[in-house]
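Asks: Dropping a prediction and its sequence here:
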Amino acid sequence: MKKFYGPGAMMLVAAFLALCFGACAVKTTPAAKPKTGLRAGLRSSPYGPKNGIPAPDYWLRSARSMASRFNGAVPALVWIVGTMESTAGPGHDFTGRIKLSFPSPGGEFPDIVFSDQDANEAFFEQFDRNGYRVWLQVEPGNADMETLIKLVMDRYARHPCVIGFGVDVEWHRWSRQNDEGTGVSDDQARSWSERVRSYHPGYQLFLKHWLESKMPPSYRQGLAFISDSQEFTSLAEMLADFTAWGSAFAASPVGFQFGYPPDGSWWRKLADPPTAIGDAILARIPNTTDLYWVDFTMQEIWPDAAAPEGK
């Protein structure tokens, strides 16, 4: 299916949301995988939540609530630590650089800019204490991927909550002429996967897109594949698309992001949207390992003040 939040729409969303809200290299063993092999929770981005990034307690309660809907699932998050940099003011556009949400370790890094303060450490400490799982994801732009992996993993791999690294391929070598991103070759997938697993053999690399053609043709070692397809007219249409994704990578773990606003015309009519969608996916796609509700609408399901502990 189509992506509603493609580059043009994403700029408008980011501009709108901007009006609404204004250190480590030690390796440790990652958290144990749940017996069911299933993780469920939320996606987090700097631009998704409507009123700024909620406090750690919100993510703890809401991700736990999402996971509680699926027997044996462990609370987890796709945590975006680097986004495509955009220009400010009139003519808002992407620069092709990635902005990482932590300070520079020193040195020159082409097409990479840094934040003055770390935006993630306080959250990861809470996720460590509570046994949550975290994917560290980037929107790479034109930056060198192995450099990004090193920067991110050097800083955060010490956290027990970390289970791997993720790449949103929509933003890989993105340009106005290539607004669905550049697909990943087998050689690239191998190199990135090996770099991630050099921090710990249990780590995985996920590649995310909505088109199977953007994924590496045959390399699969250490990889998971996440679909963020959207703009469906019904749950049945979503399931058909997601089932095709699961079948395309049948020998690998797959995951899905859902809860996007364009699909709200039908999911808002469900009594319990996360449960209904997640259960339907699990019934149809046996290699599913990850289910994530997106932050654009998470506060509709889990209000800021009182995200429930259970369903």
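Replies: Structure received. Residues are numbered from 1 along each chain as shown.

Asks: And the longest strand that the chain contains, how far out from the chain middle?
Replies: In the chain, assigned by DSSP state E, the strand with the most residues is strand 74-86. On the basis of CA atoms, centre = their mean, to the nearest Å, strand 74-86 sits 5 Å off its chain's mean C-alpha point.

Asks: quick one: strands adjacent to that strand?
Replies: Strand 74-86 pairs in its sheet with strand 39-44 (parallel), strand 94-100 (antiparallel), strand 133-138 (parallel), by DSSP bridges.

Asks: Which of these comes out lowest on mean pLDDT?
Replies: For the strands paired with strand 74-86, mean pLDDT drops lowest on strand 94-100, to a mean of 90.

Asks: Which positions within the longest strand of the chain qualify as buried?
Replies: 74-86 (16 or more other CB atoms under 10 Å). For glycine as for every other residue, the C-beta is placed from the backbone atoms N, C-alpha and C.

Asks: Make a markdown table from the strands paired with strand 74-86 and add distance to residue 59 and mean neighbour count to it.
Replies: A markdown table is the format used below for these (distance: least, CB to CB, whole Å; neighbours: other CB atoms under 10 Å):
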| stretch | distance to residue 59 | mean neighbour count |
| --- | --- | --- |
| strand 39-44 | 7 | 27 |
| strand 94-100 | 20 | 19 |
| strand 133-138 | 10 | 27 |
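
Asks: Please convert these to CSV, extending it with distance to residue 290.
Replies: Below are the strands paired with strand 74-86 laid out as CSV (distance: least, CB to CB, whole Å):
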stretch, distance to residue 290
strand 39-44, 5
strand 94-100, 23
strand 133-138, 8
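
Asks: quick one, which of the ones you listed is nearest to residue 70?
Replies: strand 39-44 (5.3 Å; CB to CB).

Asks: Confirm for me that residue 138 is in contact with residue 81.
Replies: Yes. Counting by CB atoms under 8 Å, residue 138 touches residue 81, with 6.4 Å between them.

Asks: Mind jotting down where the helices sit in this protein?
Replies: 7-20, 56-68, 121-130, 145-156, 186-197, 235-248, 264-267, 273-284, 298-301 (DSSP state H).

Asks: In terms of mean pLDDT, which of the ones you listed ranks lowest?
Replies: The minimum mean pLDDT among the helices of the chain belongs to helix 7-20 (a mean of 38).

Asks: Excluding chain neighbours, what is closest to residue 191?
Replies: Leaving aside its chain neighbours, residue 191 sits nearest to residue 146 (6.5 Å; criterion: CB to CB, 6 or more residues apart in numbering).

Asks: Near the one you found, how many other residues are there?
Replies: Using other CB atoms under 10 Å, residue 146 is surrounded by 14 other residues.

Asks: for it, what are its contacts?
Replies: For residue 146, the contact set (CB atoms under 8 Å, 6 or more residues apart in numbering) comprises 191, 192, 195.

Asks: out of those, who's nearest residue 290?
Replies: Of all the contacts of residue 146, residue 290 sits closest to residue 192, with 18.2 Å by CB to CB.

Asks: returning to what we had before: for the residue nearest to residue 191, give its distance to residue 205.
Replies: 12 Å (CB to CB, to the nearest Å).

Asks: sorry, back to before: any residues in contact with both of residue 138 and residue 81?
Replies: Contact criterion CB under 8 Å, 6+ apart; residues shared by residue 138 and residue 81: 100, 152.

Asks: Let's have the helices of the chain in CSV, adding distance to residue 45.
Replies: Formatted as CSV, the helices of the chain follow (distance: least, CB to CB, whole Å):
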stretch, distance to residue 45
helix 7-20, 10
helix 56-68, 12
helix 121-130, 13
helix 145-156, 15
helix 186-197, 21
helix 235-248, 21
helix 264-267, 18
helix 273-284, 18
helix 298-301, 11
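
Asks: Which of these sits closest to residue 164?
Replies: Proximity to residue 164 (CB to CB) singles out helix 186-197 among the helices of the chain, at 6.1 Å.

Asks: residues making contact with that closest one?
Replies: Applying CB under 8 Å, 6+ apart, the external contacts of helix 186-197 come out as 145-146, 149-150, 153, 164-165, 167, 184, 203-205, 207, 216-219, 221-223.

Asks: Please state the offset of that helix from the chain centre?
Replies: Using CA atoms, centre = their mean, the mean C-alpha position of helix 186-197 is found 18 Å from that of the whole chain.

Asks: ok, now stretch 69-78?
Replies: For stretch 69-78, the distance to the chain centre is 15 Å (CA atoms, centre = their mean).
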